[in-house]
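Engineer: attaching a predicted model along with its sequence, questions to come.
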Amino acid sequence: MSPNTLAPARSMCNNKDMETTTKTHEVQTDERIAQTYGEFLAATYDAPKSTDPRTLDEYAIWESAENEYDGWSRFFAVPGGHIHSSMNCSTCNRVTNQSGQTFTAFAWLPALSGLTAADAIAAHGHALCSVCFPNAPVSDTNKSVKIADPVQEALAARRERNIAEAQARYEAAITPELDALVVAFIEAEAAQKAYTRTVEPSEWYQGPAFEASKAAYAALNAGMPEGFDFYTRAKDLGVR
Ligand SMILES: [Zn+2]
């Protein structure tokens, strides 16, 4: 068979080439699932101490995301502890008792998902759980993982996501009509401020300039989504 006859088949199904340039299915899927786990960790942080973590909505969402999991290798670090091959390792307390008040927060390492244990170890140093990795040398199981606290990481990720979502909402809200309302209000407000400099304070909140500014604000308020940062938009438009 000449190399040419192989070429079309390869280009249609070049998974091996894909792996060098994009993430594997295992990594992509676990990154998605790990995000729902992170949201669960953030929710446990917010919940009252007496809450069973398993009763949180975020727990159900994570559990449902796990339906995509097909049994590939996974790696979970416990800061100051070890790397485990699952969250159900007997040396960890995923949920320790009936009330479920205590559980281990894992630093999920989805970038390693699907790797052999040896490859994962090579990538992430030697701090392995001897139960999950019974063949690991004892010298490796004596070490501990130096990694950020997963709950704090989850809270930071949530903050970043909230900021990104707010920014996306802000950008999606912008229309020529809304910009016109912003400009009209900023100009009316400036006119009213200029007017206040010409009269006594007792007259600041009356007269045509004040009424115009009030009307422009009402129109803007009616035409913009709640919480829209119109002063930032005015700055972006160069009118403030
Ligand atoms: Zn383990």
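Structural biologist: Perfect, thanks for sending it. Numbers count the residues shown, from 1 in each chain.
Engineer: would you mind listing what in the protein touches the ion?
Structural biologist: 84, 89, 129, 131-132 (CB under 5 Å from the ion). Glycine gets a C-beta too; all of them are placed from N, C-alpha and C.
Engineer: what's the most distant pair in those?
Structural biologist: Within the residues of the chain next to the ion, 84 and 131 form the most distant pair, 8.0 Å apart (CB to CB).
Engineer: shared neighbours of those two, anything?
Structural biologist: residue 91 (CB atoms under 8 Å, 6 or more residues apart in numbering).
Engineer: more neighbours: which of those two?
Structural biologist: residue 84 (24 against 15; other CB atoms under 10 Å).
Engineer: please name the bridge partners of that one.
Structural biologist: residue 76 (DSSP bridges).
Engineer: ok, it touching residue 106?
Structural biologist: Yes - with contact defined as CB atoms under 8 Å, residue 84 reaches residue 106; the gap is 7.4 Å.
Engineer: quick one: common contacting residues for those two?
Structural biologist: What both residue 84 and residue 106 touch, as defined by CB under 8 Å, 6+ apart, is the set 76-78, 92.
Engineer: most surrounded residue in the residues you listed?
Structural biologist: Counting by other CB under 10 Å, top hit in the shared contacts of residue 84 and residue 106: residue 76 with 27 neighbours.
Engineer: any idea of the mean pLDDT for stretch 147-162?
Structural biologist: The average of the pLDDT scores along stretch 147-162 is 93.
Engineer: domain ranges for this protein, per the record?
Structural biologist: 3-161, 174-237 (automatic domain parsing).
Engineer: just put these in CSV and tack on distance to residue 168.
Structural biologist: Below are these laid out as CSV (distance: least, CB to CB, whole Å):
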stretch, distance to residue 168
domain 3-161, 10
domain 174-237, 11
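Engineer: which one of the ones you listed has the poorest average confidence?
Structural biologist: domain 3-161 (a mean of 81).
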